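Asks: This is the structure alone, sequence omitted:
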C-alpha cells in the first residue's frame, strides 16, 4: 500500500494566509473607523456603477427570457407573485 502524498507547499500557504489576514485587518479597521477608508478615483467608481447597472439588466433579461421559453401565463403569474412576496418560488420541471 504505497500512498503518494499530495504536493503541499507551505511557503505558498503562509504567503496566501498573510495576504488574506492583512486584507481582513484593513477592512476591519475601515469598518471600525480606526483608519482612513481607501479612496477610489472617480473613473473607477463610475465603472463600478456601470458594471452594477449592466449586471442588473443582464439578470432581468435572463429572468424574462424564461417568459419566452415557457409562455404559460399561469407560470408567469406565479413567478410574479412570488417575487412580490419575496419568497422562493418552487422548483418547476422544464424542457431545458
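Replies: Okay, I see it. Being a predicted model, the structure only gives us computed values, none of them experimental.

Asks: how close does residue 35 get to residue 26?
Replies: Distance, residue 35 to residue 26, using Cβ to Cβ, to the nearest Å: 7 Å. Yep, even glycine has a C-beta here, placed from its N, CA and C like the rest.

Asks: next one: residue 55
Replies: From residue 55 across to residue 26, the span is 25 Å (Cβ to Cβ).

Asks: For the two, indicate the residue with more neighbours.
Replies: residue 26 (13 against 10; other Cβ atoms under 10 Å).

Asks: does that one really touch residue 37, like I thought?
Replies: No. With contact defined as Cβ atoms under 8 Å, residue 26 does not count as touching residue 37 (9.9 Å).

Asks: So for this structure, the centremost residue is which one?
Replies: residue 55 (10.4 Å; Cα atoms, centre = their mean).

Asks: Give me the distance between it and residue 64.
Replies: Distance, residue 55 to residue 64, using Cβ to Cβ: 15 Å.

Asks: Nothing else from me, thank you.
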